[in-house]
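>>> A structural model of the following input is requested.
(2 chains)
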Amino acid sequence: MVDHASEMTLVALLVVLSAATLLRGSLRFPFTVAIYLPHVWMFVLAFTLAALGLSPWGLGVLAVLCFHALREYFTLADLRIEDRWGMFTAYLTIPFMFYYISIDWYGMFIISVPVWAFLVVPFAVTLGRQDAEGSVLAIGAIDLGLFLLVYCVGHIAYLMYYSVWMAVYLVAAVVLCDLLAYLLESRERPARIGLPLQLLAPIPAVALLGLVLAPWSGITLPHGLSLAALIPLLVAISAHVVTRLEADLGIDRGHIPAGGGGSINSLKSVLYAAPVTFHYLRYVLDDF
Amino acid sequence: MIPWLPQLTVRILIHLLVLRPLLKLAFGVGAEGRENLSGLERFILVANHNSHLDVLLLLCLLTPRQLGRTHPVAAYEYFCKPKALLWLVTYLLQPVWVERGDRRADPLQGMREVLQRGHCLVVFPEGTRGVAGQIVPFKAGVGQLAVEFPDIPIVPACLLGPERSLPKRSVLPVPLWNRVIVGPPQLLQGTRREIAAALEGMIRELAASQAATRHKRGRRRQPVPTIAVLGIDGSGKSPLAEGLATRLSRSARVCLISDEVAFLDGGARLPVQVLLKERLREQVGRRAKTAGTLKSYRIPKLAELLLRDRVVKDIRRLYAPDLIVLDGAPLLNITAWAGLYHEEAFDEELCAAALRVLSGNDSLVAEGHAIYALFPELVTLKRLHLADLELPTATLFLDVDPRVSIQRILTRGQSRQVHETEEKLARLREGYRLVCRVVAADLGAPTRALDGHRSREEVLDTAVLEITGMDMGRQSGEVM
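Sure thing, here's the model as predicted:
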């Protein structure tokens, strides 16, 4: 499905990112870039493996990414010793969901978290406790992490399983939005004027990206254009939402120690864009 | 050649190639202060104890060379049961066994032998894994070792997370990030109990330094305290507010809302994104300053004060500083100004009613209260949901004679605003005095009057003293 040249592009990108990741100590990247880079690297690694015909391995890489983010979230959220069974069940969801992706069982994948995990987690949480105090908040906190960091990221995995280059397009578009937001972030401009600029500037960039990747991803021009309008908006929304969640979790973006929220911070822009893009493409493409 | 290569044994290789990667994958070891440990030839590593994971996590911090020469102290009765477990633990960790039940034997003997050989120890002075997340008083044994071996540095380390990952009495480890914070090496003097207590204090401190980073439910954050500096024009309240903010910013993140908004931390200004409302407020404020009559002053000034209140709320929501210093307080300014327009009827009772209505606590003010007849604007403000101005946590009133302040305004060389005459300022001063009295008596917020005739430095020193002496809720107490 992908020709030789495109595989080589991904491998070359992987090499460049590996070098940048390895050298990030000596290259003195700004802090936000240094914690962002490993996650882009993980995505590119997964896509490269999938493009080379090693889809299960690519899915494995994304599963590790989910696990990593979920573990970080559980560490930061106020989940107590009594909620351990709930957390354990939540972790178990990851292999199941990725297994359904790997056997291309869409119907089961799409209900794995919203139906099965949703029903099992409360059972596990209440099973492990003597008293009822805090059960509602624990179940809510576990479910939020599961939906955001496993289910949403899982959509990228399914998109990758269907077409590597659609997933590449999605992640590249989100990275592009993040990059532009990072460059446009200004201390001089009033906050409410800065946002529309950050929202509008990525639209032509994402449209161009869609055009460049179109021969491989197979996304036609009209859909490319509507996605170019959609993705920056979703990125802004999810950044807005997750920034608030981060603040509540106590993540200080100026100083993130190891395991202190780096994964959540790096994944935050893709969380809304992934399911929406996935379902958009699934709806408009006949053979999905 | 790599110095630790000769020490490389199968045991070390298992540690480096199997145990550490597995631990990192499942329990992501976040280490802080590793450099406190890496250069040491001999040491006693002391940590809090909550879980069986503790010792494995601590061993992750060691260099391969140190790993071969470090022995954790472990209780024999826990690991003796299945023979295979005893063999595995003995092989991998090479512990110093302590038998708790044996009263006759000296439990420290094994540790002494290890230290005399020039090797290192990992000790959990709590003695047992204890209650999750709590540190129980340290036993004095570690102090005894410090007394006997005064030249071996003791390294305190704090483990956070294992109590949730693998708590006592549970078989199932749950992957969570665990953090190890290593403090600087110590050579301690004193009796054994003093040394044990000192180490306990250090580890508690390390734990407290990290405790704030985790999310806690069920505890609402204390509202950010605001300090308002009141005073008539030319009393020097703006310099006082700025000086106060700079002083207080030495120990807290302070936002100063004066003619412009500034953030201060450590005595220096921080760059921040400008709020759109703040721009608008500046424009309106300029409009008020150039007003020709008191009548045309009224609306822009009211708008400016209302916007200023919104800016305070936005700053609190978006930037969350530790403390806000206000040059003037919208609620108190409006009330004092209101008195100026209806001086004849404005007494303490009306003033309290106005403050209540403007701050949105009007349940005590009856529907047909005289205040609404006197100030129909209040009804409009209420209808527009604008009457929820904030009462400052603390108020400083800089009291200056109007004659002096007029002199100051004239020497400043700016054009005088419409109300800046001696007579009007005297009435305004009375208005502020009345408001401060009512705020302190009826609303229970601390207010202090400062004598503005003294030099700026003196006034600032008194202001800082007054503020630090006030009880403004728990959070501000911690801040200062």
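
>>> in which helix or strand would I find A:Ala214?
A:Ala214 belongs to helix A:202-217 when assigned by DSSP states H and E.

>>> Identify the residues contacting whichever residue of chain A sits closest to chain B.
The nearest approach of chain A to chain B comes at A:Gly259, 3.3 Å away (Cβ to the nearest Cβ). All C-beta atoms are positioned from the backbone trio N, CA, C, and that covers glycine. Counting by Cβ atoms under 8 Å, 6 or more residues apart in numbering or on different chains, A:Gly259 touches A:Arg71, A:Glu72, A:Thr75, B:Gly28, B:Gly30, B:Trp177, B:Arg179.

>>> likewise B:Ala291?
So B:Ala291 contacts B:Tyr297, B:Pro300, B:Lys301, B:Gln417, B:Val418 (Cβ under 8 Å, 6+ apart).

>>> just how off-centre is stretch B:281-295 within its chain?
38 Å (Cα atoms, centre = their mean, to the nearest Å).

>>> Need the pLDDT of the residue of chain A closest to chain B.
Per-residue pLDDT puts A:Gly259 at 72.

>>> Quick check: it is in a helix.
No: the assignment for A:Gly259 (DSSP: H, G, I helix; E, B strand; the rest coil) gives coil, which keeps it out of a helix.

>>> contacting residues around the closest residue to it other than its chain neighbours?
Among residues not flanking A:Gly259 along the chain, B:Trp177 sits closest, at 3.3 Å (Cβ to Cβ, 6 or more residues apart in numbering or on different chains). Residues in contact with B:Trp177 (Cβ under 8 Å, 6+ apart) are A:Arg71, A:Glu72, A:Thr75, A:Ala258, A:Gly259, A:Gly260, B:Phe27, B:Gly28, B:Gly30, B:Gly161.

>>> Can you give me the separation between B:Leu307 and B:Pro185?
Relative to B:Pro185, B:Leu307 is positioned 56 Å away (criterion: Cβ to Cβ, to the nearest Å).

>>> So those two - more neighbours on which side?
B:Leu307 (20 against 17; other Cβ atoms under 10 Å in any protein chain shown).

>>> burial measure for B:Gly110, as a count.
Close neighbours of B:Gly110, defined as other Cβ under 10 Å, add up to 18.

>>> Just the C-alpha atoms of the helix holding A:Ala214, please, in PDB.
The C-alpha trace of helix A:202-217 is given here as PDB (Å, rounded to 0.1, in the frame of the first residue of the first chain):
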ATOM      1  CA  PRO A 202      -2.200  26.600  11.300                       C
ATOM      2  CA  ILE A 203      -5.100  26.300   8.800                       C
ATOM      3  CA  PRO A 204      -3.100  27.000   5.700                       C
ATOM      4  CA  ALA A 205      -0.200  25.000   7.100                       C
ATOM      5  CA  VAL A 206      -2.300  22.000   7.700                       C
ATOM      6  CA  ALA A 207      -4.000  22.300   4.400                       C
ATOM      7  CA  LEU A 208      -0.600  22.400   2.700                       C
ATOM      8  CA  LEU A 209       0.500  19.300   4.700                       C
ATOM      9  CA  GLY A 210      -2.600  17.500   3.600                       C
ATOM     10  CA  LEU A 211      -1.800  18.400   0.000                       C
ATOM     11  CA  VAL A 212       1.800  17.100   0.200                       C
ATOM     12  CA  LEU A 213       0.700  13.900   1.900                       C
ATOM     13  CA  ALA A 214      -2.300  13.400  -0.300                       C
ATOM     14  CA  PRO A 215      -0.700  10.900  -2.800                       C
ATOM     15  CA  TRP A 216       0.100   8.500   0.100                       C
ATOM     16  CA  SER A 217      -2.800   9.200   2.500                       C
END
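
>>> Touching that helix from outside, list them.
With Cβ under 8 Å, 6+ apart as the criterion, helix A:202-217 contacts A:2-3, A:6, A:163, A:165-166, A:168-169, A:172-173, A:176-177, A:180-181, A:219-221, A:224-225, A:227-229, A:231-232, A:235.

>>> need the strands for the stretch 351-480 of chain B, in chain order.
B:394-399, B:447-451 (DSSP state E, counting those that start in this stretch).

>>> All good on my end, thank you.
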